[in-house]
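>>> below are the sequence and a predicted model; questions follow.
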Amino acid sequence: MIALLALATAADPAPTESCSDALPEHAYAYRLSKPARQSGVTPFHELHSKQGAEKANAGDIDGAAAHFRASAFFSSYSAHEWVNLGRSHGQQAERRAKWDAEAQRLLREAVACFDMAHWLAAWPKALAGRRRMLQHLQENYRMREACPADKCELYGTMTRVVEASPLDLSTLKTFCTEENLKVRVSDDERVRGFASAQTLRFAWLALKVCGVVAMEGAVEPQAANAAGHAVAAHFEETKARMRTLMPEILDPSTPLSGKASIQTAWLEATERSKLRFEVPLPLEPPYLDEALTSSEPVLSLVKGALRSGRLELNAFSYVVSMVGAPAQHWHTDVDPLFVDWRGENVPPHGVMALVALNALTEASGPTEFVLGSHLTSLKGVAADELPRASFALRQGGAALFDMRIRRRGGANKSPKDCALLVVPYVHEWWQDKSDLKTPQTVGWDQHNTTRARKLFRRLDAKAWTSKLETLLGVHGVELDDLRSTFLPDPSTDLYV
């Protein structure tokens, strides 16, 4: 019998009826419950870990698996959670009356869980659990070499990718193909927050190695549709403002020029290339619909890729490539975090999601990626030797990519403007300063060296805010009526 790992948790929230009484497949319903919504972001993954262990100790292995599944997909960066889920799936298979197709599915799911645990943290416990699952497959399904996945050939390639050190170009090309780099999330999976461990394992490895994965069904189509209509109206207003300030930039015959770019006259729009603009979104409905930014399958993948649940949005905007926009120049958003690091295990600064607000076709000019261009071990390989991929997407589909990857927007040859929602998820401690001009005081201008200005930039920005608050107070503005009164709880409000 496989012993489940019971994790100790501090300050666990009290169980709720919607969680404890839920059907096994819907233990994740706690995320949608009234207590969860009232308290904002809650550590319900800890609640599920605790209740999973309690049910396992009481012999309710199906109930334990449901709770551990919710916990693992919420804390997808935690090897502990994946080991718990793998062991519970193994017990579910062992307790069945016979070694049938469902037992085989459970064993393969268990292998995927143990793979995630080992690939994340090199856990010996994960390898031991995996060996046991493989033994069951070999002995009970008459397999000389048991296939531990639904797609045997693809899994074999994945194994070679993981074992390659350093990763060579040939292995990368075999794994990183447009067809391979696609996953689909159903409506039910999007609500519950998890598909299968096999699907997440593949998407996680694809994002890590290839730098991008296309996720159909990432965002609820209704939410994408509402945002798409709102963005179209917002961009019409933006174009009207640009025509007032610099009408020539909307003329296809006018050459692109940094000195004549719209951002020289107006900071509310950025010209990314000819007839391609990025515009920040107002923080108001329908853009604040959590379905756009808090899709559980998306967050599970992002948290696994960044190895953390302490994330924030670095921006929130949309990009429109107008009709006739040419292909964009090749570029990367950020440099590597540590340029002297030679390993491949350093997580990225962030993962960006480009969400299709309307159907994205080949004619619309989907973003093209140079696969593997974010990897340190392949920096010596010429960009034209690396494989490339672009993805047509249905409404609500998303391309998620490592911010270090080399990419470009495609030419829009369709009869309609193409709009994409831009959602960059980043580590809470990182901020991209290249596109951000923080407000500074006059005193900051008077620092005697550029080094001093750089060192004091963040502190002086706080001083600017303090001066404004003092000035508003002098003029009788009641700041307490404008300031948030929410006090973040370290145990509940640091994680997404």
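Perfect, thanks for sending it.
>>> can you list the weak-confidence ranges in this structure?
1-46, 144-146, 339-345, 435-437, 448, 489-493 (pLDDT under 70).
>>> hang on, isn't Thr270 packed against Phe277?
Yes: taking contacts as CB atoms under 8 Å, Thr270 lies within contact range of Phe277: 6.7 Å. Bear in mind the C-beta positions are built from the backbone N, C-alpha and C, glycine included.
>>> between those two, which is the more surrounded one?
More neighbours surround Phe277 than the other of Thr270 and Phe277, with 25 against 17 (other CB atoms under 10 Å).
>>> so who does that one touch?
235, 238, 262, 269-271, 319-320, 322 (CB atoms under 8 Å, 6 or more residues apart in numbering).
>>> among those, which lie within helices?
235, 238 (DSSP state H).
>>> list just the nearest of the contacts of Phe277 to Thr438.
Thr270 (16.4 Å; CB to CB).
>>> assign Val355 to helix, strand or coil.
Judged by DSSP: H, G, I helix; E, B strand; the rest coil, the three-state class of Val355 is strand.
>>> before we move on, back to that, quick one: which of the contacts of Phe277 is nearest Ala128?
Of the contacts of Phe277, the one sitting nearest to Ala128 (CB to CB) turns out to be Val319, at 47.2 Å.
>>> can you list contacts of stretch 458-471?
Here stretch 458-471 has contacts from 438-441, 443-444, 479, using CB under 8 Å, 6+ apart.
>>> swap the cut-off to 6 Å and go again
Here stretch 458-471 makes contact (CB atoms under 6 Å, 6 or more residues apart in numbering) with 438-441, 444, 479.
>>> and that stretch, how far from the chain's centre?
Centroid displacement of stretch 458-471 relative to its chain, using CA atoms, centre = their mean, to the nearest Å, is 33 Å.
>>> and what of stretch 79-86?
21 Å.
>>> hmm, back to that, ChimeraX command for the buried members of the contacts of stretch 458-471?
This is how ChimeraX selects the buried members of the contacts of stretch 458-471, with burial counted by 16 or more other CB atoms under 10 Å:
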select :440,441,444
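>>> gap between the residue most central in space within the chain and Trp99?
With distances taken as CA atoms, centre = their mean, Val302 lies nearest the centre of the chain, 2.9 Å away. Computed as CB to CB, to the nearest Å, the Val302 to Trp99 distance reads 36 Å.
>>> and the contacts of Phe277 as a markdown table, adding distance to Leu354?
Below are the contacts of Phe277 laid out as a markdown table (distance: CB to CB, whole Å):
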| residue | distance to Leu354 |
| --- | --- |
| Phe235 | 16 |
| Thr238 | 19 |
| Ile262 | 21 |
| Ala269 | 18 |
| Thr270 | 16 |
| Glu271 | 18 |
| Val319 | 8 |
| Val320 | 12 |
| Met322 | 17 |
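>>> which among the contacts of Phe277 gets closest to Leu306?
Val319 (22.3 Å).
>>> these two touch, right, the closest one and Leu281?
No: counting by CB atoms under 6 Å, Val319 stays clear of Leu281, with 11.1 Å between them.
>>> quick one, strands of the stretch 251-400 of the chain?
Listed in chain order, the strands of the stretch 251-400 of the chain (DSSP state E, counting those that start in this stretch) span 270-273, 276-280, 311-313, 317-321, 350-356, 368-370, 388-390, 398-402.
>>> longest strand of the protein?
strand 418-427 (DSSP state E).
>>> partner strands of that strand, with direction?
strand 311-313 (antiparallel), strand 317-321 (antiparallel), strand 350-356 (antiparallel) (DSSP bridges).
>>> who's in contact with that strand?
With CB under 6 Å, 6+ apart as the test, strand 418-427 has contacts from 231, 293, 302, 311, 314-315, 317-321, 349-355, 357, 364, 412.
>>> repeat that for stretch 472-489.
In contact with stretch 472-489 (CB under 6 Å, 6+ apart) are residues Glu469.
>>> coming back round to it: residues of whatever helix or strand comes next after the longest strand of the chain that come out buried?
Next along the chain after strand 418-427, taking DSSP states H and E as the criterion, comes helix 442-445. Residues of helix 442-445 classed as buried: Trp444 (neighbour count, 16+ other CB under 10 Å).
>>> and for stretch 230-243?
In stretch 230-243, counting by 16+ other CB under 10 Å, buried: 230-232, 234-235, 238-239, 242.
>>> out of these, the closest to Pro297 would be?
Nearest member of the buried residues of stretch 230-243 to Pro297, counting by CB to CB, is Val231, at 22.7 Å.
>>> from the contact counts, what lies against the helix or strand hosting that closest one?
Using DSSP H and E, Val231 sits in helix 221-245. Applying 3 or more CB pairs under 6 Å, 6 or more residues apart in numbering; DSSP states H and E, one finds that helix 221-245 contacts helix 290-293.
>>> please state the offset of the helix it packs on from the chain centre?
Taking CA atoms, centre = their mean, one finds the center of helix 290-293 at 12 Å from the center of the full chain.
>>> what separates the residue lying closest to Arg160 once chain neighbours are set aside from Pro387, distance-wise?
Among residues not flanking Arg160 along the chain, Thr171 sits closest, at 5.8 Å (CB to CB, 6 or more residues apart in numbering). Applying CB to CB, the value for Thr171 to Pro387 is 12 Å.
>>> host element of the closest residue to Tyr141 other than its chain neighbours?
Closest residue to Tyr141 in three dimensions, ignoring its sequence neighbours and counting by CB to CB, 6+ apart: Gln104, at 6.3 Å. Assigned by DSSP H and E, Gln104 belongs to helix 101-121.
>>> which strands and helices sit next to that helix?
Short answer (3+ CB pairs under 6 Å, 6+ apart): helix 101-121 packs on helix 79-94, helix 124-140, helix 197-209.
>>> got TSV for those, with distance to Trp430 and mean neighbour count too?
What follows is the helices and strands packed on helix 101-121, written out as TSV (distance: least, CB to CB, whole Å; neighbours: other CB atoms under 10 Å):
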stretch	distance to Trp430	mean neighbour count
helix 79-94	23	26
helix 124-140	29	17
helix 197-209	18	23
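>>> between the ones you listed, which one is nearest to Arg69?
Of all the helices and strands packed on helix 101-121, helix 79-94 comes closest under CB to CB, at 5.7 Å.
>>> centre of the chain versus the closest one, how much separation?
Counting by CA atoms, centre = their mean, helix 79-94 comes out at 25 Å from the chain centroid.
>>> now that helix - C-alpha only, PDB.
Extracted in PDB, the C-alpha atoms of helix 79-94 (Å, rounded to 0.1, in the frame of the first residue of the first chain):
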ATOM      1  CA  ALA A  79       6.800  19.000  -5.700                       C
ATOM      2  CA  HIS A  80       5.000  18.100  -2.400                       C
ATOM      3  CA  GLU A  81       1.600  18.500  -3.900                       C
ATOM      4  CA  TRP A  82       2.400  16.500  -7.000                       C
ATOM      5  CA  VAL A  83       3.800  13.600  -5.000                       C
ATOM      6  CA  ASN A  84       0.600  13.600  -2.900                       C
ATOM      7  CA  LEU A  85      -1.500  13.500  -6.000                       C
ATOM      8  CA  GLY A  86       0.600  10.800  -7.700                       C
ATOM      9  CA  ARG A  87       0.400   8.600  -4.600                       C
ATOM     10  CA  SER A  88      -3.300   8.900  -4.400                       C
ATOM     11  CA  HIS A  89      -3.800   8.100  -8.000                       C
ATOM     12  CA  GLY A  90      -1.600   5.100  -7.500                       C
ATOM     13  CA  GLN A  91      -3.800   3.900  -4.600                       C
ATOM     14  CA  GLN A  92      -6.900   4.500  -6.700                       C
ATOM     15  CA  ALA A  93      -5.500   2.200  -9.400                       C
ATOM     16  CA  GLU A  94      -4.400  -0.500  -6.900                       C
END
